[in-house]
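Chemist: Sequence and computational prediction follow.
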Amino acid sequence: MGRVPEAEPTAPRGLLRRGMFWLASQRLGAWVAINVGNRVDPYLMKLSGGRLKLAFRFPTVLLTHTGAKSGKKRTTPLAYFTDRGNVVVIASRGGDLKNPAWYHNVIANPEVELWANGSGGRYRAKEAKGNQRTRLWKLATQFYPGYADYQERAGDRRIPVILCTPEDD
């Protein structure tokens, strides 16, 4: 056990990473991430200890959550950054009008596991609210400017910010 590796939201970005971020902010890039990456990345990341994934320039965490209705364990790869020892993930679904299924699952069952680069463990997820959400959203758009585009596409849906705090063993 352990913790997910730190991913600084304001870290400098090289040309390749900026290009990947631009591609992911486009509708086609978001579609590929949701419909292909979400199916392929969990296997690639587990087999390679986190070294291989479609979104190779994004810090990516595997979120294992329990289905709100089914009770089944599910694993979803998500871009993440860290803040004060916590892991932050954004329920953007590429700017879709509806929240992603994993969001509903972690709200119903906040005990989750997070793994990145062979490290991780148990965390407790909660939706950030008020000033905390405002601060984390600002960091999120610094980390990945495409989130601002996603918010525009999402219309009236306010994209949730999920804060995952490590559970003590």
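Modeler: Yep, that arrived. The structure displayed is predicted, hence computed values, not measured ones. Residues are numbered from 1 along each chain as shown.

Chemist: Mind giving me the packing neighbours of the longest strand along the chain?
Modeler: Longest strand of the chain, by residue count under DSSP state E: strand 119-127. Packing partners of strand 119-127 (3 or more CB pairs under 8 Å, 6 or more residues apart in numbering; DSSP states H and E): strand 60-66, helix 101-108, strand 111-116, strand 161-166. (Glycine included, C-beta is placed from N, CA and C.)

Chemist: ok, now with 6 Å
Modeler: strand 111-116, strand 161-166 (3 or more CB pairs under 6 Å, 6 or more residues apart in numbering; DSSP states H and E).

Chemist: Which of the three states applies to P5?
Modeler: Look at P5: counting by DSSP: H, G, I helix; E, B strand; the rest coil, its state is coil.

Chemist: correct me, but it touches N117?
Modeler: Yes - judged on CB atoms under 6 Å, P5 makes contact with N117 at a distance of 5.3 Å.

Chemist: quick one on the thing from earlier: okay, the longest strand of the chain in PDB with CA atoms only?
Modeler: Extracted C-alpha coordinates of strand 119-127, given in PDB (Å, rounded to 0.1, in the frame of the first residue of the first chain):
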ATOM      1  CA  SER A 119       1.500   3.000  -6.000                       C
ATOM      2  CA  GLY A 120      -1.800   3.700  -4.300                       C
ATOM      3  CA  GLY A 121      -4.300   2.500  -1.800                       C
ATOM      4  CA  ARG A 122      -7.600   3.200  -0.100                       C
ATOM      5  CA  TYR A 123      -9.100   6.700  -0.300                       C
ATOM      6  CA  ARG A 124     -12.400   8.400   0.700                       C
ATOM      7  CA  ALA A 125     -14.000  10.500  -2.100                       C
ATOM      8  CA  LYS A 126     -16.200  13.500  -1.600                       C
ATOM      9  CA  GLU A 127     -17.500  16.300  -3.800                       C
END
